[in-house]
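Peer 1: please find the sequence and the predicted model below.
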Amino acid sequence: MMDVEFRYREFLPESRRVVVKVGTRVIEQKSGCPDLKSIRSLVKQVAALHRAGYEILMVSSGAIGAGIDALGLKKRPTLVPDLQMCAAVGQAKLMAQYEQLFQTEGLIIGQVLLTHTDFQHRIRFANAKRTMEHMLRQGIVPIINENDVVADEEVKASLSLGDNDYLAALVVKLVRADLMVILSTVNGVLDGDGKRVSCIENLTSAFKLVDPSLQAGGLSKGGMDSKLRAAQIAVKSGCATVIADGRERNILANILAGKDVGTLLITSAL
């Protein structure tokens, strides 16, 4: 079985277009203050992949948490207007950090804020796709987030699947990505004994593995269930998915090298 799993991973280095979803807790401290060490490490990894010829799109959470910290709030607000206020303040703070760090690596970034309506409206969908395709051709790294300031689907979690996981899956379909990497604070899907599952071929059975204790709390909203649902969307569109620990050293390079890290969810095409 392990030989089969490694054979599946041999295809990962051939991915050219990769959507990397970064969870809130990967790049922020518990207070919501940006974790500069983690952000710097992530940026260096993305820059290295970019120089190696990969097209990287980042779907980054963390705006609301950064806003909570900037505004000096002690906990996450519950009212949507307050959350949107935090998103407006935090998005600027988060992008400023990304811009500074990517500039050090010689790369230009572009902010892309989307709502679910952008994927449902034919003209807006086409416009978003054309813009991001043009950015990639020019070597620009898109930094994508839910436009929480004007759309409350994600902050209310009524239409989204949680913490930008769903958004990342929609971006995969938008740009026809080859691979989606979901970076969290766990090293993949864990079985009933708490051991990492290396490879999953049947997503239906994967939901039975989810440990409720690993569901998100605090500043982030996503949990393993939302990640599996996002992976399900990506897999059905022919895009392999890896769920991994974003705090692990050189995690992106190891994934693209086909190493046995995180949990690989296999597409029907493989």
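Peer 2: Done, it's in.
Peer 1: could I get the contacting residues of residue 264?
Peer 2: Residues counted as contacts of residue 264 (C-beta atoms under 8 Å, 6 or more residues apart in numbering) are 5, 8, 9, 12, 198, 199, 200, 240, 241, 242. For the C-beta atoms, the positions are set from N, CA and C on the backbone; glycine is no exception.
Peer 1: what is the nearest of those to residue 119?
Peer 2: Using C-beta to C-beta, residue 241 is the member of those that sits closest to residue 119, with 18.5 Å.
Peer 1: tally up the residues packed near the closest one, please.
Peer 2: Residues lying near residue 241 (other C-beta atoms under 10 Å) number 30.
Peer 1: before we move on, what about residue 77?
Peer 2: By other C-beta under 10 Å, 17 other residues sit near residue 77.
Peer 1: does the closest residue to it other than its chain neighbours fall in a helix, a strand, or a coil region?
Peer 2: Excluding the flanking residues, the one nearest residue 77 by C-beta to C-beta, 6 or more residues apart in numbering is residue 83, at 5.5 Å. What DSSP: H, G, I helix; E, B strand; the rest coil gives for residue 83 is helix.
Peer 1: which ones among the contacts of residue 264 map onto strands?
Peer 2: Of the positions in these, 199, 200, 240, 241, 242 sit in strands, assigned by DSSP state E.
Peer 1: which residue ranges form the helices in the protein?
Peer 2: 2-9, 24-27, 36-51, 63-70, 80-104, 116-120, 122-137, 153-156, 165-175, 203-206, 224-236, 251-256 (DSSP state H).
Peer 1: relative to residue 188, which of those is closest?
Peer 2: Comparing those by C-beta to C-beta, helix 224-236 comes nearest, at 9.2 Å.
Peer 1: can you give me the buried ones in that closest one?
Peer 2: For helix 224-236, burial by neighbour count (16 or more other C-beta atoms under 10 Å) applies to 224, 225, 226, 227, 228, 229, 230, 231, 232, 233, 234, 235.
Peer 1: what does stretch 43-56 give?
Peer 2: 43, 44, 45, 46, 47, 49, 50, 54, 55, 56.
Peer 1: thinking again about what came up before, nearest to residue 122, of the ones in strands among the contacts of residue 264?
Peer 2: Of these, the one sitting nearest to residue 122 (C-beta to C-beta) turns out to be residue 241, at 26.5 Å.
Peer 1: I am finished for the moment; much appreciated.
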